[in-house]
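**Q** Mind looking at a prediction? Sequence and model below.
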Amino acid sequence: MQPFVYCAPASRVIFGDNALSHLEREVVQLGATRALVLCTREQRESAEQVAAILGSRAAGIFADATMHVPIECARAAREEATRLGADCAISIGGGSTTGLAKAIALESSLPIISIPTTYAGSEMTSIYGLTEGGVKRTGRDPRVLPRVVIYDPTLTTSMPVGLTAASGMNAIAHAAEGLYAQDANPVISLIAEEGIRAMAAGLRRVLREPDNLDVRSECLYGAWLCGIVLGSVGIALHHKLCHTIGGSFNLPHAETHTIVLPHSIAFNAPATPDAMHRIARALGSTSAATGLFELVRALKLPHSLREIGFKPEDIDKAAGLAMRNPYWNPRPFSQQDIRELLERAYVGDRPQ
Ligand code: NAD
């Protein structure tokens with residue numbers, strides 16, 4: 001067995017149908033009296049529901065959370081937190097809203113209560129991102145890790161099935177890469193395999209039964225596990241590639257992960273047989289890469305980069321950008337390897 005270091009991030013997790021009803025208890029346990037509730041414009045109603053649960057402990061709502069946390073948005077939210085004398089930030093929404101809470105905590109150390117409504121997994125990580133002048137800067141800081149996470153499947157039934165499926169594949173990507181991370185460890189690998197299994201099983205049913213709370217629970221449970229993996233071990237080629245091409249060519253986050261994943265996994269397969277065996281087993285398939293590809297097809301998601309607006313002339317540029325920041329990957333790669341990988345993802349062929 002490889003030697004390893006295991007470090008468990010410390011979040012308190014409340015999981016279950018109507019778990020949101022425990023919110024006030026959690027705020028009281030944090031000793032907070034003035035919570036700032038964060039959401040996107042589209043989810044204002046959910047934020048109002050949160051504020052109503054909190055009554056006088058709700059200091060206000062900031063409803064301008066935006067994808068990739070533009071610095072202007074982070075500044076406005078930080079100012080609002082200061083103006084209201086907030087002593088806690090509560091995010092209700094997907095990764096964009098959790099990201100805004102993290103941007104506040106990064107400067108103020110305000111404790112975060114996160115109520116995720118997608119499967120992005122940001123709530124389980126100390127990774128933050130801020131976008132300034134079109135460039136997204138990411139980092140890790142223990143202050144941004146939510147203290148409490150409330151997973152309530154009833155809040156996820158409103159997620160359109162397209163977002164549900166893509167967000168679920170985004171979660172699977174975290175766990176798949178965690179299985180071959182440079183700092184992988186046996187406990188996180190158990191969590192990763194179970195996360196992929198639960199998410200894939202839930203996603204296969206959620207298209208037909210989007211309102212079934214058992215199905216939604218299975219997906220959200222999978223999302224939690226996959227988020228733990230992202231928060232605990234490193235990432236490699238797949239995530240770096242998606243961040244590069246997603247950020248530079250303004251592609252949708254979850255769909256980019258969905259399309260690229262089977263191809264990055266196929267590329268890394270020769271160097272990571274144990275991880276491939278575990279991914280395939282979790283998917284009930286004989287091959288990790290084709291199992292992922294077939295799942296994407298079954299979920300009726302886009303499976304080629306051309307479907308989401310990536311241009312053939314961007315392939316060379318993207319391959320060049322991906323080589324600029326060298327990073328660890330289990331299989332060494334050249335610019336030509338990245339080019340070929342992106343060509344396959346562009347066309348959307350079944351990986352070999
Ligand atoms: P998102 O948060 O951008 O949400 C997409 C849209 O769906 C928004 O309009 C949102 O209001 C809406 N929505 C969310 N939940 C809904 C629901 N239950 N019902 C109806 N509408 C709903 O999407 P996302 O994929 O969750 O997050 C993507 C962002 O998260 C990216 O910026 C990504 O970089 C970041 N992220 C960060 C980490 C991390 O660890 N820091 C991890 C994963 C993703």
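**A** Thanks, I have the structure now.

**Q** Buried residues, stretch 152-165. List them.
**A** 152-156, 159, 163-165 (16 or more other CB atoms under 10 Å). For every residue, glycine as well, the C-beta is placed using N, CA and C.

**Q** I'd like the average pLDDT over it.
**A** The pLDDT scores in stretch 152-165 average 97.

**Q** hey, where'd the helices end up in the chain?
**A** Using DSSP state H, the helices assigned to the chain run over residues 23-30, 44-54, 71-84, 95-108, 161-178, 186-206, 213-232, 237-248, 253-268, 273-283, 288-298, 314-324, 335-347.

**Q** ok and the shortest one relative to helix 44-54, angle-wise?
**A** The reference is to helix 23-30. 60 degrees (axes from the mean of the first three to the mean of the last three CA atoms, to 10 degrees).

**Q** same question, the longest one
**A** Counting by the same axes, to 10 degrees, helix 186-206 lies at 120 degrees to helix 44-54.

**Q** Any residue of helix 186-206 touching the ligand?
**A** No - residues of helix 186-206 are not located near the ligand by CB under 6 Å from any ligand atom, the shortest gap being 12.3 Å.

**Q** Centre of the chain to that helix, how far?
**A** 14 Å (CA atoms, centre = their mean, to the nearest Å).

**Q** and what of the last one?
**A** In terms of CA atoms, centre = their mean, the centre of helix 335-347 is set 24 Å apart from its chain centre.

**Q** returning to what we had before: list just the nearest of the buried residues of stretch 152-165 to the ligand.
**A** Met159 (3.9 Å; CB to the nearest ligand atom).

**Q** and the closest residue to the closest one other than its chain neighbours, how many neighbours?
**A** In space, and not counting its chain neighbours, Met159 is closest to Thr118: 6.3 Å by CB to CB, 6 or more residues apart in numbering. Using other CB atoms under 10 Å, Thr118 is surrounded by 26 other residues.

**Q** wait, Thr118 sits on Ser167?
**A** Yes - contact criterion CB atoms under 8 Å: Thr118 and Ser167 qualify, at 4.5 Å.

**Q** Now the common contact residues for those two.
**A** 94, 159, 223 (CB atoms under 8 Å, 6 or more residues apart in numbering).

**Q** ok, for the first one, nearest residue in space, not its chain neighbours?
**A** Take Gly94 and drop its neighbours on the chain: the residue closest to it by CB to CB, 6+ apart is Thr118, 3.6 Å away.

**Q** separation between Leu292 and Ile279?
**A** 7 Å (CB to CB, to the nearest Å).

**Q** List of residues touching the lowest-mean-pLDDT helix or strand in the chain?
**A** One helix or strand of the chain scores below all others by mean pLDDT, DSSP states H and E: strand 135-140, with a mean of 87. Applying CB under 8 Å, 6+ apart, the contact partners of strand 135-140 are 68, 125-131, 243, 247.

**Q** change it to 10 Å
**A** 68-71, 99, 106, 125-131, 231, 243-244, 246-248 (CB atoms under 10 Å, 6 or more residues apart in numbering).

**Q** So which residues on the protein come close to the ligand?
**A** Counting by CB under 6 Å from any ligand atom, the residues of the chain close to the ligand are 40, 42-43, 67-68, 93-97, 99, 117-118, 120-122, 125, 127, 129, 155-156, 158-159, 163, 167, 230, 253-254.
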